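Peer 1: predicted coordinates and the sequence they were generated for:
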Amino acid sequence: DSGVTQTPKHLITATGQRVTLRCSPRSGDLSVYWYQQSLDQGLQFLIQYYNGEERAKGNILERFSAQQFPDLHSELNLSSLELGDSALYFCASSVTGSSNEKLFFGSGTQLSVL
Amino acid sequence: DQQVKQNSPSLSVQEGRISILNCDYTNSMFDYFLWYKKYPAEGPTFLISISSIKDKNEDGRFTVFLNKSAKHLSLHIVPSQPGDSAVYFCAAAGSYNTDKLIFGTGTRLQVFP
């Protein structure tokens, strides 16, 4: 158990809909990351937050947004969903958010867009 | 543009033998390299890392080698065990706080008896 909690584990929705994925980092970790893993793809970095502030941004679509709340949990909002958004979404956390720090991953949310 | 590449999608090795997983990168600014292991229905877990000032790091059965001139790293598992069967991801990052960890596409290792 990594200590990172992601909910829900599975999500099935239709095209055009909006969903929210939730992540609780490990106790004491200030930084949260979101990654997307599509079929046969590696983990694509989406966005990183540190203590409530956005620190780094990857190839995150404009239809996607995220935030980190004062209690350090994070939410990833995906809107106007398309079939291609079907993927496994991972949240990870680390203590300081330094680039050489190992990340602790949650078990992911499997999103299926039908 | 895939900055971190794992060109072998899968590898099959007999129990007790050596497993060698390879990873190539293109960005010479990468300073730190990590390997993660992923079992089905679980998130990736950290396995071993190496910084660019070293060329080898060892942890039990796992050794990572870094060849900076070739922009290549490899993970050696000796001896391989059936429990090592998983997907292995190579990842790299620069040294700035805003640098993100870039992952490869993964290599599925199967260790058979």
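Peer 2: In hand now; what should we look at?
Peer 1: alpha carbons only for contacts and neighbour counts from here, please
Peer 2: Noted.
Peer 1: and for A:L11, the neighbour number?
Peer 2: By the criterion of other Cα atoms under 10 Å in any protein chain shown, A:L11 has 15 neighbours.
Peer 1: interface residues of chain A facing chain B?
Peer 2: Listed as neighbours of chain B in chain A under the rule Cα under 8 Å from any Cα of the partner chain: A:2, A:40-45, A:55-56, A:58, A:90, A:97-100, A:102-108.
Peer 1: for ChimeraX, what selects the buried ones among those residues?
Peer 2: Buried members of those, defined by 16 or more other Cα atoms under 10 Å in any protein chain shown, are picked up in ChimeraX with:
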select /A:2,42,43,44,45,55,56,90,97,98,99,100,102,103,104,105,106,107,108
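Peer 1: from the residues of chain A next to chain B, which land in helices?
Peer 2: Of those, none are assigned to helices by DSSP state H.
Peer 1: restricted to strands, list the residues of chain A next to chain B.
Peer 2: A:43-45, A:55-56, A:90, A:104-105 (DSSP state E).
Peer 1: same list (the residues you listed) but as JSON lines, adding pLDDT.
Peer 2: Below are these laid out as JSON lines (pLDDT from 0 to 100):
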{"residue": "A:L43", "pLDDT": "90"}
{"residue": "A:Q44", "pLDDT": "92"}
{"residue": "A:F45", "pLDDT": "92"}
{"residue": "A:R55", "pLDDT": "91"}
{"residue": "A:A56", "pLDDT": "89"}
{"residue": "A:F90", "pLDDT": "97"}
{"residue": "A:F104", "pLDDT": "95"}
{"residue": "A:F105", "pLDDT": "96"}
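Peer 1: model confidence for B:D1, exactly?
Peer 2: Note for B:D1: predicted pLDDT of 66.
Peer 1: and what of B:T98?
Peer 2: Taking B:T98 on its own, its pLDDT is 62.
Peer 1: and if you look at B:L101?
Peer 2: 87.
Peer 1: what's around the closest residue to it other than its chain neighbours, how many residues?
Peer 2: Distance criterion Cα to Cα, 6 or more residues apart in numbering or on different chains; nearest residue to B:L101, sequence neighbours excluded, is B:A93 at 4.8 Å. Counted with other Cα under 10 Å, residues neighbouring B:A93 total 24.
Peer 1: now the residue in chain B positioned nearest to chain A, nearest residue through space, not along the chain?
Peer 2: Among the residues of chain B, B:T105 lies closest to chain A, at 3.6 Å counting by Cα to the nearest Cα. Leaving aside its chain neighbours, B:T105 sits nearest to A:G42 (3.6 Å; criterion: Cα to Cα, 6+ apart).
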